[in-house]
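Asker: please find the sequence and the predicted model below.
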Amino acid sequence: MPADGPEGPAFLTRSLALAFSLCAGFGAFALFLNYGAGDGLDATDWIRSLLICISTFWLAWGAAQALAGLTTRPPLPPRDTGPITARTVVLVPVYNEDPLATFARVAVMDAALQSQGLANPFHFAILSDTRDDQIAQREDHWFLRLLDKTRGDGRIFYRRRAANRGRKAGNISDFITASGAAYDFAIILDADSLMEADTMVEMVRRMQAVPDLGLLQTLPKVINAQSRFGRMMQFSAAFYSPIFCRGLAMMQGRTGPFWGHNAIVRVRAFAASCGLPELSGDPPFGGHILSHDYVEAALLARAGWIVRVDDDLEGSYEEGPGNMVDHAKRDRRWCQGNLQHARLLLAPGLKMWSRFVFLQGILAYLSSLVWLAFLGASIAAPLFSPPVDYFPIEGWPFPVLPPSEALKAIALGLGIVGLLFIPKFLILADAAGRGRAPGFGGVARATASVVGELLFTSIASPVFLMYQTRSILQVMLGSDGGWPAQSRGDGRMEFATAWAASSWIVITGALGLILTHLLAPNLLLWILPVAGPMMLAPAIIAWSSGPARPSSFATPLTLAPSGLMLEHRRLLSAWLGEGPDAPHKAVVRVVSSRAG
Amino acid sequence: MSMIETSMVPGSALEVHLRGALPVAPMAMPTQVLEWPRSESGREPGRFSLMSLLVWRRPSRAGR
């Protein structure tokens, strides 16, 4: 078992980030309490101050991560420059996915490895948990086509489980218990993942160089987005995420993250440390561990293995949801998984940072509830505050108006907005200064993309706030979200469908506005930026699911797609002319022609 | 040293079937302990007790 090493720089970065976030949280607490004291302190002032303290701490923590990413640089990781001696298997778990697109990805990744003379040390295993028999038949068909195309007998494997016990984590562990001893490393992908051959080789070199490195995570870039929403997410992932990821890399020490895919694991370490138990009790808090990746990272760290994310690793791709509703569905699953981690906060033997990561994941969702509680308490506050005394001085015949506290509220509001916006503008300035902006179409286009993304997220946030709140309440009331297959495709959503998915948000927004008008009319202007977008939710969802202009929200990969991406599109088009996939042609044609 | 080098030399015991059957090379994956053992009173000492306040549970019919 590997030994623990020093974590000095990580400890320092964590401490500074924590101090900054605590200062911001308590600053907001004090400012709001001061604001509330203007008309006399009551219970709602204390409650709201506490809620604003938690929310601000959480926002500041995100900002601190960006600041750490902007101001630091992790040391270059060691790499083995000798021959590749390890055997690596690339695992592609699938679950009711479109086999045509997935198997075409495997074909082009294998071809890229073959072109470097590295087909032998790399195998592929497609691990199907598909329950839909028709899709399974298509998997059979396209697997044979894949073998034919790649001459991959003995290198490319496919198996379908009879029962998908343990979901995705069970699928991986089923492979390891049956075939794990044949490999040193496993690169775990998702059905929509794509990875350059150079990246896979580089990951193996880094694993070979550090014998106690248990898991190495890449930061996947989102590709092939076609809708307005997808393009904005794609831009965010390409423009902001590397900086946030670098900040995370500086804080992680030996206990980095695992995001479930686009990562490489040392099979021996994973097998010895990551056999997941079923938690006692029923779902959603008991049963299978849903967000298994966080837990696996914590278990590897508990066993003394290094878990690391290398922000400099390029050539790792994934696709994202095409519209807000699909995003919310995926988020429902993540929400249940993260809240389930509450059961593991005090699990035996975990590193303190792993526990903190669980707490962060829980807070990421509970913060929605905290914001909503703050808004609710603010609307209800006039019911509890004492009447204003305009004649506080005995014998003085003229009314005394209480001092206006609006400036304090505005200062607090600006501070909170600043925590959200300033890191993004700092990242923009950094991109302009360090020559990263040309990859995004130049400084002017990158600025327009940042402003557009900020405007959209400001409008979309109240809608996501409601979806997240519903998810949290569903989980807390004991509802299990199950294991829905992920939606892929162009994500187009008509207004009627968007209305069906969000009418409850419209009604909630309208009720909130009416309630504010009745109880606290002076708060109408403050509530409008939240209630307004809620009432427009179907329009926002439908509009943002529409096709984006090809030039909008440019990223380096939309301006110049990699050879592997182009090869995947070419093969997808070629395979469309064959086999039983006629109904899918239209969708894939759109992908082929629009992406990029 | 790669594990495969010892087991996947030509003609070795590692079996690779035609048409994509996976290599037969079992590896143990012991189940990890993530929950504290229950005490005699039935309470798990390591369990996040706040959850019992937050989570609404349907009343059990067992006691009726």
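Answerer: Sure thing, it's come through. Numbering: from 1, shown residues only, chains lettered A, B, ... in the order given.
Asker: make it CA atoms for all contacts and neighbour counts henceforth
Answerer: OK.
Asker: poorly predicted segments of chain B, please.
Answerer: The model of chain B has pLDDT under 70 over residues B:1-20, B:38-64.
Asker: kindly recompute the last result at 80.
Answerer: Low-confidence segments of chain B (pLDDT under 80): B:1-21, B:38-64.
Asker: repeat that for chain A.
Answerer: Applying pLDDT under 80 to chain A flags the ranges A:1-8, A:36-41, A:74, A:119, A:381-412, A:480-491, A:577-596.
Asker: could you redo the last one with a cut-off of 70?
Answerer: Across chain A (using pLDDT under 70), the flagged ranges come out as A:1-7, A:39, A:385-393, A:399-406, A:482-490, A:579-596.
Asker: just give the closest residue to A:Ser193, not the sequence neighbours.
Answerer: Once flanking residues are discounted, A:Ser193 sits nearest to A:Glu318: 4.4 Å by CA to CA, 6 or more residues apart in numbering or on different chains.
Asker: buried set for the strand or helix carrying A:Val530?
Answerer: Element membership for A:Val530, per DSSP states H and E: helix A:524-535. In terms of neighbour count (16 or more other CA atoms under 10 Å in any protein chain shown), helix A:524-535 has its buried residues at A:524, A:527-528, A:530-535.
Asker: ditto for stretch A:194-210
Answerer: By 16+ other CA under 10 Å, the buried positions in stretch A:194-210 come out as A:194-197, A:200-209.
Asker: count of residues packed around whichever residue of the stretch 401-550 of chain A sits closest to chain B?
Answerer: Per CA to the nearest CA, A:Met476 is where the stretch 401-550 of chain A lies closest to chain B, at 5.0 Å. Applying other CA atoms under 10 Å in any protein chain shown, we find 20 other residues in the vicinity of A:Met476.
Asker: can you check A:Leu118 too?
Answerer: Using other CA under 10 Å, A:Leu118 has 16 other residues around it.
Asker: ok, A:Phe270 touching A:Gly214?
Answerer: Yes. The pair A:Phe270 / A:Gly214 is scored as a contact, 7.1 Å apart, by CA atoms under 8 Å.
Asker: same drill for these two, tell me which one is more crowded.
Answerer: Set A:Phe270 next to A:Gly214 and count neighbours by other CA under 10 Å: A:Gly214 wins out with 27 against 24.
Asker: contact partners for that one?
Answerer: By CA atoms under 8 Å, 6 or more residues apart in numbering or on different chains, the contact set of A:Gly214 is A:207, A:265-266, A:269-270, A:300, A:305-307.
Asker: in three-state terms, how would it be classified?
Answerer: Secondary structure, DSSP: H, G, I helix; E, B strand; the rest coil: A:Gly214 is strand.
Asker: same question, A:Ser552
Answerer: Using three-state DSSP, the structure places A:Ser552 in coil.
Asker: dihedrals phi and psi, it?
Answerer: Dihedral angles of A:Ser552 (phi, psi; degrees, to the nearest 10) stand at phi -80, psi 150.
Asker: okay, now it: neighbour count?
Answerer: 19.
Asker: shared neighbours, A:Phe270 and A:Gly214?
Answerer: Residues touching both A:Phe270 and A:Gly214 (CA under 8 Å, 6+ apart): A:Leu300.
Asker: on that earlier part again, name the next helix or strand downstream of the helix holding A:Val530, please.
Answerer: With DSSP H and E, the next secondary element past helix A:524-535 is helix A:537-545.
Asker: quick one: distance of the helix or strand following that next one to the chain centre.
Answerer: Heading C-terminal from helix A:537-545, the first helix or strand you meet, by DSSP H and E, is helix A:556-559. Mean C-alpha position of helix A:556-559 versus that of the full chain (CA atoms, centre = their mean, to the nearest Å) differs by 21 Å.
Asker: buried ones in helix A:556-559?
Answerer: Of the residues in helix A:556-559, A:556-558 count as buried by neighbour count, 16+ other CA under 10 Å.
Asker: can you check stretch A:240-256 too?
Answerer: By 16+ other CA under 10 Å, the buried positions in stretch A:240-256 come out as A:240-256.
Asker: kindly report the same for stretch A:500-516.
Answerer: A:502-503, A:505-506, A:509-510, A:512-513, A:515-516.
Asker: what's in contact with that stretch?
Answerer: By CA under 8 Å, 6+ apart, the residues outside stretch A:500-516 that reach it are A:325, A:379, A:463, A:466, A:523-524, A:527-528, A:530-532, A:534-538.
Asker: look at A:Asp212 and say how many residues are nearby.
Answerer: Summarising burial for A:Asp212: neighbours were counted as other CA under 10 Å, giving 18.
Asker: look up how far chain B lies from A:Leu359.
Answerer: A:Leu359 is 12 Å from chain B, where distance means CA to the nearest CA, to the nearest Å.
Asker: just A:Ala66 next, same as before
Answerer: Distance, A:Ala66 to chain B, by CA to the nearest CA: 31 Å.
Asker: burial measure for that residue, as a count.
Answerer: A:Ala66, neighbours per other CA under 10 Å, totals 26.
Asker: for it, what are its contacts?
Answerer: Contacts of A:Ala66 by CA under 8 Å, 6+ apart are A:243-244, A:247, A:423, A:427.
Asker: near chain B, which residues of the stretch 251-400 of chain A are found?
Answerer: A:271-277, A:279, A:342-348 (CA under 8 Å from any CA of the partner chain).
Asker: how about 7 Å then?
Answerer: Counting by CA under 7 Å from any CA of the partner chain, the residues of the stretch 251-400 of chain A close to chain B are A:271-277, A:342-348.
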